[in-house]
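Trainee: need a 3D model of the sequence below.
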Amino acid sequence: ITGRGKWAYTDAVSSVQLGKTDYSKLPSNGKHSANTENVKRYIDFAAKNGFDAVLVEGWNEGWEDWFGHQKDYVFDFVSPYPDFDVKWLSNYAKSKNVKLIMHHETSSSVRNYERHLDQAYQFMKDNGYDAVKSGYVGDIVPRGEHHYSQWMNNHYLYA
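Mentor: Residues are numbered from 1 along each chain as shown. As a prediction, this is how the structure comes out:
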């Protein structure tokens with residue numbers, strides 16, 4: 001909102017092809033907020049102030065063109081950006097008795113999320129995350145469905 005930070009890791013591309021876009025070869029925009037250093041700072045704050053968990057949003061690939069494009073394959077739920085060290089942060093949070101909460105934005109591409117749920121949840125389990133906040137920003141894909149339709153309620157229960 002303030003422009004100080006971004007969910008996207010880079011400004012060097014306007015469109016992302018998950019599995020093909022190589023973020024390790026792209027320059028950081030310098031504003032990606034879900035990075036190891038920032039999350040460590042939030043873990044320290046949580047530990048000092050009695051919070052038991054920190055939600056991390058924007059850690060995973062796909063934020064460069066996520067909103068308003070009605071893309072089917074819009075997010076990767078198992079590939080962190082180069083500046084987000086999942087294993088290190090998981091271990092650090094555990095050492096501070098703070099849990100990390102994974103965030104899965106779907107950009108309302110529900111079928112995409114369902115195709116990747118098993119892998120996404122296994123990734124969470126493998127890395128010590130036992131909670132997830134899923135997001136459904138935008139018009140539901142497939143078109144014609146709505147956030148509170150029976151089809152979506154069935155999805156929420158499934159997820």
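Trainee: can you name every helix or strand that the lengthiest strand in the chain contacts?
Mentor: Using DSSP state E, we find that the single longest strand of the chain is strand 99-105. Contacts defined by 3 or more Cβ pairs under 8 Å, 6 or more residues apart in numbering; DSSP states H and E place strand 99-105 against strand 53-56, helix 86-95, helix 110-126, strand 132-135. Glycine gets a C-beta too; all of them are placed from N, C-alpha and C.
Trainee: convert the C-alpha atoms of that strand to PDB, please.
Mentor: Extracted in PDB, the C-alpha atoms of strand 99-105 (Å, rounded to 0.1, in the frame of the first residue of the first chain):
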ATOM      1  CA  LYS A  99       5.700 -21.000  14.300                       C
ATOM      2  CA  LEU A 100       5.700 -19.900  10.700                       C
ATOM      3  CA  ILE A 101       2.300 -19.800   8.900                       C
ATOM      4  CA  MET A 102       2.500 -20.500   5.100                       C
ATOM      5  CA  HIS A 103       0.400 -18.300   2.800                       C
ATOM      6  CA  HIS A 104      -1.000 -19.700  -0.400                       C
ATOM      7  CA  GLU A 105      -2.500 -17.000  -2.600                       C
END
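Trainee: quick one: residues in contact with that strand.
Mentor: Strand 99-105 has contacts (Cβ atoms under 8 Å, 6 or more residues apart in numbering) with 39, 43, 52-60, 63, 66, 75, 77, 89-90, 93, 113, 120, 124, 128-135, 137.
Trainee: likewise for stretch 40-58?
Mentor: 6-8, 32-34, 39, 84, 89, 92-93, 96-103, 105, 131, 133, 135.
Trainee: make it 6 Å
Mentor: 7, 34, 39, 93, 96, 98, 99, 100, 101, 103, 133 (Cβ atoms under 6 Å, 6 or more residues apart in numbering).
Trainee: just the buried ones out of the residues you listed, please.
Mentor: 7, 34, 39, 93, 98, 99, 100, 103 (16 or more other Cβ atoms under 10 Å).
Trainee: min pLDDT across those, which one?
Mentor: Among the buried ones among the contacts of stretch 40-58, residue 7 carries the weakest pLDDT, at 94.
Trainee: skipping adjacent residues, who's closest to that residue in space?
Mentor: Nearest non-adjacent residue to residue 7, counting by Cβ to Cβ, 6 or more residues apart in numbering: residue 58, 3.5 Å away.
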